[in-house]
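Enquirer: Sequence and predicted structure, then a few things I'm wondering about:
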Amino acid sequence: MKVGFVGLGNMGLPMAINLLKAGHEVTGYDVAQAARDAAASAGIAVAASLADAAHGAGTLITMLPNGSLVLECWRTLLAHAAPGTLLIDSSTIDVADARAAHAAAALADRQAVDAPVSGGTGGAAAATLTFMVGGTGEAFARAQPILAAMGRKIVHCGDQGAGQAAKICNNMILGISMIAVSEAFVLGEKLGLTHQALFDVASTASGQCWALTTNCPVPGPVPTSPANRGYAPGFATALMLKDLLLSQACAAAFGAETALGAHATELYARYAATGGAATDFSGIINAVRQINAEGRGGE
């Protein structure tokens, strides 16, 4: 199938490369020249414009930073997409923006799914992403073989916007979990526990979670975790904060009380504002340590 892929950044480029490896004809586009050059080096045909990316494509995929860009991009893509083109948005955006994108596609008589991902840059490169998909059953069936070239697990979460809803809820769990794990390690340090001892117990007991066993916030116990690389992302704190802010916007809009989600958002906002925005979100342990230091008069 001919696929147009818009947004060739840290996530989009490896996803597009995996489509190419699966035998699809991929044409990519990005506003950044460096991203276009990287795509060309990987063997991806580079479009001269959004309209060019849409030309002749059976499927169009977007992976963009926010909902406003998605809606702006889709307006152009829909104006140039051939009849029968399927649009897939794998960005993480607000549920309302996702539903607006679906509405725009329906108005243009095109099928669409929102299909945000979990798995980070490692999952994008290894084609092991989880896709959370919102849209009709027919649109999901069309999208599934395309998504299967980029991911390991594909879940139909419901109708339009349901994929984004699942992603936002999942990442709220993740943000809260990482803070809980970080607080446990900081407490363990004060109690004289080694990192390895706490990990060996919690990773096989009731404290086990992904934030501990895969993305452990201290160096040592999980050699592949960002903590062993100076907290180089991974999944950047700025992106975690973006998702947590989306969760709180949804909570406010739909009348949900998410006290832990709100507190996690505050902690990540503080960490991002004090130099942590570009680090992996597991670096929140450093913010937890700072809070402890301030609580002890800076000791």
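Expert: That came through fine.

Enquirer: Poorly predicted segments of the chain, please.
Expert: 296-299 (pLDDT under 70).

Enquirer: Show me the domain layout of it.
Expert: Domain assignment for the chain, taken from automatic domain parsing, gives 2-160, 165-295.

Enquirer: Looking at those, which one is packed in the most?
Expert: Mean neighbour count, computed with mean count of other Cβ atoms under 10 Å, is highest for domain 2-160 among these, reaching a mean of 20. For the C-beta atoms, the positions are set from N, CA and C on the backbone; glycine is no exception.

Enquirer: What is the end-to-end distance of that one?
Expert: 24 Å (Cα to Cα, to the nearest Å).

Enquirer: Also stretch 45-58?
Expert: Note: stretch 45-58 ends 16 Å apart using Cα to Cα.

Enquirer: which residues are contacting it?
Expert: Under the contact criterion Cβ atoms under 8 Å, 6 or more residues apart in numbering, stretch 45-58 has outside partners 1-6, 25-29, 36, 39-40, 60, 73, 76-77, 79-82, 84-86.

Enquirer: please redo it, this time with the cut-off set to 7 Å
Expert: By Cβ atoms under 7 Å, 6 or more residues apart in numbering, the list of residues contacting stretch 45-58 from outside reads 1-4, 6, 26-29, 36, 39-40, 60, 73, 76-77, 80-82, 85-86.

Enquirer: Look up how far residue 98 lies from residue 156.
Expert: Using Cβ to Cβ, to the nearest Å, residue 156 is found at 15 Å from residue 98.

Enquirer: Surely residue 101 and residue 73 touch.
Expert: No: checked against Cβ atoms under 7 Å, the pair residue 101 and residue 73 is beyond contact range at 9.3 Å.

Enquirer: Which of the helices or strands spans the closest residue to residue 38 other than its chain neighbours?
Expert: In space, and not counting its chain neighbours, residue 38 is closest to residue 13: 5.9 Å by Cβ to Cβ, 6 or more residues apart in numbering. In this assignment (DSSP states H and E), residue 13 forms part of helix 12-21.

Enquirer: And the next helix or strand after that helix, how far out from the chain middle?
Expert: Per DSSP H and E, helix 12-21 leads on to strand 25-29 as the next helix or strand towards the C-terminus. Offset of strand 25-29 from its chain centre (Cα atoms, centre = their mean, to the nearest Å): 21 Å.

Enquirer: contacts for stretch 174-187?
Expert: 195, 198, 209, 211-212, 217-218, 240, 244, 260-261, 264, 267-268, 281-282, 284-285, 288-289, 292.

Enquirer: do the same with stretch 70-87
Expert: Taking Cβ under 7 Å, 6+ apart as the rule, stretch 70-87 contacts 6, 50-51, 54-60, 62, 64, 89, 91, 93, 97, 100-101, 104-105, 108, 110-112, 139, 142-143.

Enquirer: in this structure, which spans are helices?
Expert: Using DSSP state H, the helices of the chain run over residues 12-21, 33-41, 50-54, 67-80, 95-107, 120-126, 137-148, 162-190, 195-202, 210-213, 237-254, 259-271, 284-295.

Enquirer: and of these, who's closest to residue 231?
Expert: helix 284-295 (7.8 Å; Cβ to Cβ).

Enquirer: the inter-axis angle of that closest one versus helix 259-271?
Expert: 80 degrees (axes from the mean of the first three to the mean of the last three Cα atoms, to 10 degrees).
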